[in-house]
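*Asks:* I'd like to go over a predicted model; first the sequence, then the structure.
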Amino acid sequence: MLELFEQYADTVYRVALSYLKSPQEAEDAVQTIFLKLLEGNMRVYAGKERAFLTKIAVNHCMNILHAAKTHETIPLDEAVLFSQPEDQEVFHAVMALPEKYRAVVCLHCLEGYSFRETAQILHIGISAVSMRLYRAKNMLKKQLGRDSL
């Protein structure tokens, strides 16, 4: 179990942060997910750990968001440090995207999931992943004032 935590905690954290937009809530989500895994009857198949934990993180975050529609989050500037100023600008632009676009960008572009894996995690079609990614990139280009991303 410790090996799973050490290997995938950062991935679960990034997924949770992309949904929850709060470093503290993302940390809580990571703890909750791994505690459920430790306590529960969930079975992780060898070779499928990353996809399984990502799917659990997405579902857990969706449950949190549905349960707390009026929850206020802290500004990310206070908690996240970036090595390059443009990294911070891009991160904030991604976080400002509507949830369905932000999720696709985070899973595909940041976490490196394929279109098929992203579609499976989000329970949507591959063509929907492609279209959302295309639209998200256009939104980011417009927001950031850049010709290419």
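*Replies:* Everything's here; your move. Residues are numbered from 1 along each chain as shown.

*Asks:* So, low pLDDT: which residues of the chain?
*Replies:* 41, 68-83, 147-149 (pLDDT under 70).

*Asks:* what helix or strand does Val30 sit in?
*Replies:* helix 23-39 (DSSP states H and E).

*Asks:* Let me know the next secondary structure element after that helix.
*Replies:* Using DSSP H and E, the next helix or strand after helix 23-39 towards the C-terminus is helix 49-67.

*Asks:* got the buried residues for that next one?
*Replies:* For helix 49-67, the neighbour count (16 or more other CB atoms under 10 Å) marks 50, 52-58, 60-61, 64 as buried. Every C-beta, even on glycine, is put in place using the N, C-alpha and C of the backbone.

*Asks:* next one: that helix to chain centre, how far?
*Replies:* Chain-centre distance of helix 49-67: 9 Å, with CA atoms, centre = their mean, to the nearest Å.

*Asks:* who does it touch, helix- and strand-wise?
*Replies:* Contacts defined by 3 or more CB pairs under 8 Å, 6 or more residues apart in numbering; DSSP states H and E place helix 49-67 against helix 2-20, helix 23-39, helix 115-122.

*Asks:* and for it, what are the contacting residues?
*Replies:* Applying CB atoms under 8 Å, 6 or more residues apart in numbering, the external contacts of helix 49-67 come out as 4, 7-8, 11-12, 15-16, 19-20, 25, 29-30, 32-33, 36-37, 42, 44-45, 99, 103, 107, 111, 113, 117, 120-122.

*Asks:* do stretch 14-32 as well
*Replies:* In contact with stretch 14-32 (CB under 8 Å, 6+ apart) are residues 9, 12-13, 33, 54, 57-58, 60-62, 64-65, 73-74, 76, 79-80, 94-95, 99, 102-103, 106-107, 110-111.
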